[in-house]
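> Predicted coordinates and the sequence they were generated for:
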Amino acid sequence: MIKLKFTFCLVLLASMLSAQGQGSGSNMLLYSVIAVCAILVIWAMLGLASNLMKIEAGKHGLDPEKENYGVFPGLTDLFKAKRPSYAVGGTFHKFDKGFDINLEGKANGPIEESNVTRFAIKPTDFNGMSPIPKVTVEVGDEVKAGDVVFFDKKRPEINYVSPVSGEVVAVNRGEKRSIAEVVVLADKNIVYKKFETPDIDTVDRSALVSFLSESGVWPLINERPFDLVPALDVVPVNIFISTFDTAPLAPNSDLVIVGNESAFQKGIDVLTKLTSGSVHLGLDARGEHAPSNAFVNAENVKKHWFSGPHPAGNVGIQIHHTAPIKGNDKVWTLGVQDVITLGNLFLFGEFHAERIVALTGGELHTPKYVKTYQGASVADLLKGNKIEGENRVISGDVLSGTEIGAESFLSFKDDQLTVIKEGNDYELFGWLLPLSPRPSISGTIPSFGKDHEYEANTNTHGEKRAFVVTGQYESVLPMDIYPQHLMKAIITNDFEKMEGLGITELTEEDLALCEFVCTSKNPLQSILRQGLNAVQEQS
Amino acid sequence: MALVDFFKKIEPDKKKSPLLHTAYDAFFTFAFAPNTVTKGGVHIRDGMDLKRLMVTVVISMQLCYLFGTYNIGHQHFVAAGQYLGFLEGFHLKLAHGLIQLLPIFIVAHVVGLGIEFYFAAKKGHAVEEGFLVSGALIPLIMPPDIPLWILAVSVAFAVVIGKEAFGGTGMNIWNVALLARVFVFFAYPLTIAGDEVWVSGFEKAAPGAMAEYGWFHTGFFNSLFDWLGLDTFRAGTVVIDGYSGATPLALAYQGGWEKVTTVYSEGQMIWGSIPGSIGETNKIFIVLGALILIGTKVASWRIMVGMVVGLIGTTWLLNALGTTPFMTVTWTQHMMMGSFLFAMAFMATDPVTAASTNTGKWIYGILIGFIGILIRVMNPAYPEGWMLAILFLNTFAPTIDYFVIDSNIKKRLSRA
């Protein structure tokens, strides 16, 4: 690189000149001040000229990235992270902060057909839904995939539909007679309700929105801040899709996308009609090989490459680094499989809620991928695969998933099921001499190398304490946010500070790793949700 | 686990005897990591907890303890003009060191932990681990000849006023160990003023002063050593003529580095075979402790590096002025004298009382380095500046954080 060589020549010249002057020492301070001033003046002049050159080059369209002209390499040029060779186009972001928790029980191998017979849709999976939504079906009714099952009385225009066809076998109730889940016993061959799809090139936005809310794909959209099913009149500033998941044992999107490439692109095309900005795609730049072509070659999107440990794949982190949420902006986020469902609706006129689910965790005989539908029964998924003993079934990953009973159903958004051991044992001097390997960012706990797969259990490894350690959360959160101060602002109900410190840029999954590493075992995710609820009520 | 069952059986009733239950709980959780599982939020937790964090700090200062104990005895005999070689009279020096250190260690812990247990029982929460570190630090920063009642009063003051009044571990504004020392410093200035060296076991550190040997010296250890055929403590031991009672810092104030080196060699100062507070003399072992803390990420390297930067920068400035002999002392020499390194490794890095943002930590560290050297060099009343500099910056750490946080908020608002 010519610019680098030129700079080194200057440095060499300067050092030769300085070697000649052998000062007496008495006036060294004065001389050095003068020398520093002279260097500063020269540096300012050269820097100005160099910048002017860059601007001129930009004007002539020679160098839109402003990288190749000008005299000096900028500091950012010198220390800029190297892109992998396949990461062409779009922006590139490399994170050093974060931590990959390598657990045993990674799902492998071909995607198997599952024999799940029961599926459920749970009102509790949607933030802000009233506890008793209007259920439009009764036990014994036959439904098709795409038929309305319930709607929120506050927003009756948004339909929540059945993922499969079959017979409604139960409407289970939870606390205070709230609706916990509506269970459907699936047909052998799924029958789909037919929708009349509008032509997305000509349809106007409001007609498109009402079609989406009627056909049941609207709840697939997640609105930030607060993680809501968006209101119909909201126009998002941007839409973000992260095409990779870095959470522990998370499913590989490259497997999910196989065979669904056109549906994914179709889904993106629909989304571009809904936003005033653009659809942003977060791409995986961690591996040696490029991610699936469906992601790399996707059209009508702005691409961003991300490299680094978890939480690099979290959409919240990606938003923060590409087009952060400002003021009262709303943005939408979708998962890869949600986009595929949306695309399939427009390709086939049917609500296809197929999901590839990763069954993971150390307490399974064979962790694997299975093909099923949204809201699959956990008992059916794990039949004969779960190791006997006290273990915990989690819908989602171990950091931000929800604990569900062995008779429950996967959550609406989740495409991963994790089973790990309950850690309700006493451990003799466990804090001083841990006998079993355990994942940790601390240098005091022996690490078994990057490739060691840890057996994790649900023990807290210590008691809850006041905040003591500082800088720990920041070390695993690649965002310009001070989580500990935000937590304190939430606890003290300081709204101005909560918003100023960026509470609207976060959701639980973004802080999950901070909660994992917390030495004082504080419940950051629930504190954050408490703050988000408070802010949401205020606005 | 039969042992667990046994311990569970003897658990006292929480309602009937809260203090007993608190004490039981503290010892039980010390012996067994609890069986609590995660609920809501994350399902797995990092293996690190506050107990392990605190014990790492305690472990990192064990070398200082070992050396400090022996050095108490060594200094005693150097003052008496006996066994001048470092390893000569090993058993006597160790015995004398233990006789001095153990009561200090026990009193500091009994008083401090007693108060902690009492407040924990009153408030109805578990005993928090903060005092593990404070209790280990306090003996290291006390003079070896400190009267035990003064120690007890100062520890009680530090724990009650400095910590429990603010709400316990994690809530205090000032470093608890330093508060204990600053209490002694201001309340009993004759005991700890610090311009004369502290040598234990004599009436005072001046030529002709008589050695004070108690029952442990003459009764217990002398009969033991006698039986083993070793040398014993000799009655009538006095401080030899010509023994200098001045500390390196006091010497530097009078005549710069030259004057210091007439009494103490560089090697002595680095290896710590000089009089001083119990744990702060050996610079090598302190640096090793600091490296353990940095390597395990228990303490913030930013604060430590910040302090060194502050020290070097300020010293350069003073060297350039060079009007008094002390101002000509270079930064490496400053590091060898006094307790800079100890304050850097163990005192300033207390996460509760230091600045909590990364930018804030740099500012905090650099300012401590700057103010500490200023106090040391410019102020004849206080021969050592780190205690005051750290407590001063402890007070301002929230202010530093406030501005760092505020700039983050402003940046976010300017985006909107």
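That came through fine. Numbers count the residues shown, from 1 in each chain, chains lettered A, B, ... in the order given.
> use CA for all of it now, contacts and neighbours both
Will do.
> A:Phe346: how many residues sit nearby?
A total of 20 residues lie near A:Phe346 under the criterion other Cα atoms under 10 Å in any protein chain shown.
> hang on, isn't it packed against A:Thr197?
Yes - taking Cα atoms under 8 Å as the definition, A:Phe346 is a contact partner of A:Thr197 at 6.0 Å.
> Could you list the buried residues of stretch B:115-132?
Burial within stretch B:115-132, assessed by neighbour count using 16 or more other Cα atoms under 10 Å in any protein chain shown, is assigned to B:115-121, B:126-132.
> what subset of those residues is also close to chain A?
The subset of the buried residues of stretch B:115-132 within reach of chain A, by Cα under 8 Å from any Cα of the partner chain, is B:Glu128.
> Tell me if the host helix or strand of B:Thr29 is near chain A.
Element membership of B:Thr29 [criterion: DSSP states H and E] is helix B:18-31. Yes - counting by Cα under 8 Å from any Cα, chain A has neighbours in helix B:18-31: B:30-31.
> mind listing what's buried in that helix?
B:18-26, B:28-31.
> Stretch A:38-50 too?
A:47, A:50.
> wait, what's in contact with residue 227?
You didn't say which chain, so I picked chain A. A:127, A:507 (Cα atoms under 8 Å, 6 or more residues apart in numbering or on different chains).
> not what I meant, chain B
With Cα under 8 Å, 6+ apart, B:Trp227 has no contacts at all.
> Quick check: the gap between it and B:Phe220.
According to Cα to Cα, to the nearest Å, B:Trp227 stands 11 Å off from B:Phe220.
> ditto for A:Ile101
Counting by Cα to Cα, the gap from A:Ile101 to B:Phe220 is 57 Å.
> Do I have it right that B:His109 meets B:Gly135?
Yes - under the criterion of Cα under 8 Å, B:His109 makes contact with B:Gly135 at 5.7 Å.
> Name the helix or strand for B:Leu132, please.
Using DSSP H and E, the element containing B:Leu132 is helix B:130-140.
> ditto for A:Val182
Assigned by DSSP H and E, A:Val182 belongs to strand A:179-186.
> Quick check: the residue of the stretch 1-150 of chain A nearest chain B.
At 7.3 Å from chain B, A:Leu29 is the closest residue in the stretch 1-150 of chain A, using Cα to the nearest Cα.
> Model confidence for the residue lying closest to that residue once chain neighbours are set aside, exactly?
Spatially, and ignoring its direct neighbours in sequence, A:Leu29 is nearest to B:Ala320 (7.3 Å; Cα to Cα, 6 or more residues apart in numbering or on different chains). With respect to pLDDT, B:Ala320 has a value of 90.
> Can you report phi and psi for B:Ala320?
Here is the backbone geometry of B:Ala320 (degrees, to the nearest 10): phi -70, psi -40.
> So for residue 164, what's the nearest residue that isn't a sequence neighbour?
All of this refers to chain A. Leaving aside its chain neighbours, A:Val164 sits nearest to A:Ala145 (4.2 Å; criterion: Cα to Cα, 6+ apart).
> wrong chain, I was asking about chain B
Leaving aside its sequence neighbours, B:Glu164 sits nearest to B:Phe119 (Cα to Cα, 6+ apart; 7.3 Å).
> What helix or strand is the one you found located in?
B:Phe119 belongs to helix B:90-123, assigned by DSSP H and E.
> Now do the same for that helix: mean pLDDT, whole number.
92.
> List the buried residues for it?
Across helix B:90-123, burial judged by 16+ other Cα under 10 Å covers B:90-101, B:104-105, B:107-109, B:111-113, B:115-121.
> returning to what we had before: and the residue of the stretch 1-150 of chain A closest to chain B, how many neighbours?
When neighbours are defined as other Cα under 10 Å, A:Leu29 has 12 of them.
> Give me the mean pLDDT for the strand or helix carrying it.
Taking DSSP H and E as the definition, one finds A:Leu29 inside helix A:28-59. The average pLDDT within helix A:28-59 is 83.
> Check stretch A:85-95 too.
pLDDT averaged over stretch A:85-95 gives 88.
> and the end-to-end length of it?
18 Å.
> Any buried residues in it, and which?
In stretch A:85-95, counting by 16+ other Cα under 10 Å, buried: A:87, A:92-95.
> Mind putting those into CSV with secondary structure?
Shown next, in CSV, are these (DSSP: H, G, I helix; E, B strand; the rest coil):
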residue, secondary structure
A:Ala87, coil
A:Phe92, strand
A:His93, strand
A:Lys94, strand
A:Phe95, coil
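> re the thing from before, of A:Ile101 and B:Phe220, which one has the most company?
Between A:Ile101 and B:Phe220, counted using other Cα under 10 Å, the more crowded position is A:Ile101 (26 against 11).
> I figured A:Asp269 hits A:Asn300, correct?
Yes - the pair A:Asp269 / A:Asn300 is scored as a contact, 6.9 Å apart, by Cα under 8 Å.
> Looking only at neighbour counts, state which of the two leads.
Neighbours of A:Asp269 and A:Asn300, each counted by other Cα under 10 Å, are more numerous for A:Asp269; the result is 20 against 15.
> Check for me that the more buried one belongs to a helix.
Yes - according to three-state DSSP, A:Asp269 belongs to a helix.
> For chain B, what's the nearest residue on chain A?
A:Gly443 (3.9 Å).
> Could you pull up the contacting residues of that residue?
Counting by Cα under 8 Å, 6+ apart, A:Gly443 makes contact with B:295-297.
> and these, which are buried?
Among those, the ones that count as buried by 16+ other Cα under 10 Å are B:296-297.
> mind listing what whichever residue of the stretch 201-350 of chain B sits closest to chain A touches?
Chain A sits closest to B:Thr296 of the stretch 201-350 of chain B, with a gap of 3.9 Å, by Cα to the nearest Cα. Contacts for B:Thr296 (Cα under 8 Å, 6+ apart) come out as A:442-444.
> In CSV: the residues you listed, plus pLDDT and secondary structure.
Shown next, in CSV, are the contacts of B:Thr296 (pLDDT from 0 to 100; DSSP: H, G, I helix; E, B strand; the rest coil):
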residue, pLDDT, secondary structure
A:Ser442, 87, coil
A:Gly443, 84, coil
A:Thr444, 86, coil
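> which stretches of the chain aren't confidently modelled?
No chain was given, so I picked chain A. A:1-27, A:61-80 (pLDDT under 70).
> ah, I was thinking of chain B
Applying pLDDT under 70 to chain B picks out residues B:1, B:191-196, B:416.
> can you map out the strands along it?
Remark: strands assigned in chain B by DSSP state E are B:32-33.
> How about the residues of the stretch 101-250 of chain B by chain A?
Residues of the stretch 101-250 of chain B lying close to chain A (Cα under 8 Å from any Cα) are B:128, B:169-171.
> wait, which of those is closest to chain A?
B:Gly170 (5.0 Å).
> near chain A, which residues of the stretch 251-400 of chain B show up?
Taking Cα under 8 Å from any Cα as the contact definition, the stretch 251-400 of chain B meets chain A at B:295-298, B:320, B:351-352, B:356-358.
> Show the buried residues in these.
B:296-298, B:351-352, B:356-358.
> So stretch A:493-508, near chain B or not?
Yes - Stretch A:493-508 comes into contact with chain B (Cα under 8 Å from any Cα), by way of A:497, A:500-502.
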